[in-house]
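Participant: attaching a predicted model along with its sequence, questions to come.
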Amino acid sequence: MQYWNFSAGPAVLPKSVLEQAAAEMLDWHGSGMSVMEMSHRGAEFTQICDEAEADLRTLLGVSDDYAVMFMQGGASAENAIVPMNLIARNPSNSADYVLTGSWSVKSHKEAQRYGTIRIAAASDGEKQIDGVTYQPWSWVPPLDSWRVQADASYLHYCSNETIGGVEIADMPDMQALGAPDVPLVLDASSHFLSRPLDVSRTGMVYAGAQKNAGPAGVTMVIVRRDMLGHALACCPSAFDYVNVAKDRSRYNTPPSYGIYICGLVFKWLLQLGGLAEIERQNLAKSQALYAQIDSSDFYANPIQPAFRSRMNVPFTLASDALTAQFLKEATQHRLLALKGHKSVGGVRASIYNAMPMEGVTTLIDFMKEFERTHG
Ligand code: PMP
């Protein structure tokens, strides 16, 4: 029976990866052990972990100037771990944050415990753009309007707001903003590995694995090595990037099974043709879905078109009752987890890397049929 899982995360994984993991569950490559049962310091897991790191570097083209680490605590813990590691790299002990939705607001709130945190830009009010009024968190302050202080230790933003469905694919020109030495720190959790990303233009990128890369429990952290070595005294040793980088993600016991699955996903992506190919697929899927939403007055997407997310596509129907009916019938059609986040309501289709075009066209066909019968 074919089900299509539109969950925002933990989310759909490539079927071939799950099948391989199932086949290798009891005995990994003749080792006589499941990956879950291996020492994280043994030869087998060392190979698995180092290969995962190498494949992630290949996918993104990450140079050795950057540490690539698999950590724990999710992106929420990074909201604290980032300032604990980076805020003291400048004597100002300050950082600038851009607020574009729930997740960047959370990051900003948490960081305040560790230094002076300023707001560089925020989409927290209504905004008129080209004659259209956008609601708070449905638009993005123009990247050339962000107010960044030259002495900030970093500039943080969320490059894909999973709840709002707002994606910032371009990066600000820090030279033009008058802050050429301020490194960018991106929470890329929900669009990581969905498209090429020029890591060399950032100071740091982090992402929870549970959308495009693997199971929950692994946080991927990529950080420029020259930014390290300024951790606050309160930073736990296991969260000090210097320690974790030095021990290649094995300072303490890492989420080893999760890293193994991430490694299989990285190989799946490489075999597919890398990030350029997955971007092509993601573009086709998201364009098809937005075209369906835009083609009728029955469905609406509230986001400023230039910043619509390719990964998380929220849309609304005329009433709560109609939305509830839509979700009920969708589940009957084996279209799962389409309920919008409780803070915004409506419907949200998360169409991550492992969601094939066939899943998206099945959803589109259902949307057409639902409009015919309830419109
Ligand atoms: N940032 C973004 C963009 C997210 O989508 C999420 C989770 N949905 C988080 C942070 C928090 O991640 P976690 O629950 O793994 O801490």
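Facilitator: Cool, got the structure.
Participant: residues of the protein that sit close to the ligand?
Facilitator: G9, G74, A75, S76, W103, C158, T162, D187, S189, S190, G208 (C-beta under 6 Å from any ligand atom). For glycine as for every other residue, the C-beta is placed from the backbone atoms N, C-alpha and C.
Participant: thought Y157 was touching the fifth one, still the case?
Facilitator: In other words, W103. No: using C-beta atoms under 8 Å as the test, W103 is too far from Y157 to be in contact (9.9 Å).
Participant: now the common contact residues for the two.
Facilitator: Shared contacts of W103 and Y157, defined by C-beta atoms under 8 Å, 6 or more residues apart in numbering, are found at D187.
Participant: what about those two, which has more around it?
Facilitator: Y157 (27 against 23; other C-beta atoms under 10 Å).
Participant: what pairs with the particular helix or strand that has the more buried one in it, parallel or antiparallel?
Facilitator: Taking DSSP states H and E as the definition, one finds Y157 inside strand 155-158. Using DSSP bridges, the strands paired with strand 155-158 are strand 94-99 (parallel), strand 184-187 (parallel).
Participant: got the CA coordinates for that strand in PDB?
Facilitator: C-alpha atoms of strand 155-158 as PDB (Å, rounded to 0.1, in the frame of the first residue of the first chain):
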ATOM      1  CA  LEU A 155      25.000  37.400  12.000                       C
ATOM      2  CA  HIS A 156      22.400  34.700  12.500                       C
ATOM      3  CA  TYR A 157      19.300  33.900  10.300                       C
ATOM      4  CA  CYS A 158      17.100  30.900   9.500                       C
END
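Participant: other residues contacting it?
Facilitator: Counting by C-beta under 8 Å, 6+ apart, 82, 95-98, 100-101, 103-104, 107-108, 111, 120, 146, 148, 168, 172, 174, 179, 182-187, 189 sit against strand 155-158.
Participant: I'd like the next helix or strand past it.
Facilitator: strand 160-161.
Participant: listing partners with orientation, what would you give for that next one?
Facilitator: For strand 160-161, pairing defined by DSSP bridges yields strand 166-167 (antiparallel).
Participant: how far does the partner strand sit from the chain's center?
Facilitator: 11 Å (C-alpha atoms, centre = their mean, to the nearest Å).
Participant: now stretch 282-298: buried residues?
Facilitator: N282, K285, S286, L289, Y290, Q292, I293, F298 (16 or more other C-beta atoms under 10 Å).
Participant: okay, now the residue of the stretch 201-350 of the chain found nearest the ligand: neighbour count?
Facilitator: In the stretch 201-350 of the chain, the residue that lies nearest the ligand is G208 (3.7 Å; C-beta to the nearest ligand atom). Per other C-beta under 10 Å, the neighbour tally for G208 reads 27.
Participant: quick one: it and G9 touch, right?
Facilitator: Yes: counting by C-beta under 8 Å, G208 does reach G9; the two are 7.2 Å apart.
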